[in-house]
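please work out how this folds:
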Amino acid sequence: MASFDITMVDLVPRPAADLETDVIEGEVLLYEPQQTRAVYLSPTAALVFGLCDGKRSVREIIRLLSECYPDGTASLSDDVLTTINELRESGVLAIG
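Numbers count the residues shown, from 1 in each chain. Below you'll find the predicted structure:
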């Protein structure tokens, strides 16, 4: 794993409350009714978001993706952390 904040990998991300998901022709859109805005997810972000179920830690998500994509980039850990942080900042993920 790449170097990153060790405390972050032990946190457990989950979808934000009252989030609505819509899949249109393979594209994932997340709606926040209270904020009346939508967040588009790239295929990679949608994959990471799908693993953020409130049960898996960030460390477990990184491990699962590493097992599924053994030939993935060397920066897989950093990519997952960046994606989770961006999803959190956009308000679609809560981390606890």
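
right, and I95 touches N85 too?
No. Using C-beta atoms under 8 Å, I95 makes no contact with N85, being 9.0 Å away. Any C-beta I mention is one placed from the backbone N, CA and C, and that applies to glycine too.

so which helix or strand takes in Y31?
Assigned by DSSP states H and E, Y31 belongs to strand 27-32.

do T21 as well
strand 20-24.

by contact count, what packs against that strand?
Secondary-structure packing of strand 20-24 (3 or more C-beta pairs under 8 Å, 6 or more residues apart in numbering; DSSP states H and E): strand 27-32.

pull out the buried residues from the strand it packs on.
28, 30-32 (16 or more other C-beta atoms under 10 Å).

from those residues, pick the one nearest K55.
K55 lies nearest to L30 out of the buried residues of strand 27-32, by C-beta to C-beta, at 19.2 Å.

the closest residue to T73 other than its chain neighbours: neighbour count?
Distances taken as C-beta to C-beta, 6 or more residues apart in numbering place D79 nearest to T73, at 6.7 Å, with adjacent residues excluded. As a burial measure, D79 scores 17 neighbours (other C-beta atoms under 10 Å).

what strand or helix carries D79?
helix 76-89.

give the contact list for L29.
L29 sits next to 21-23, 38-41 when contact means C-beta atoms under 8 Å, 6 or more residues apart in numbering.
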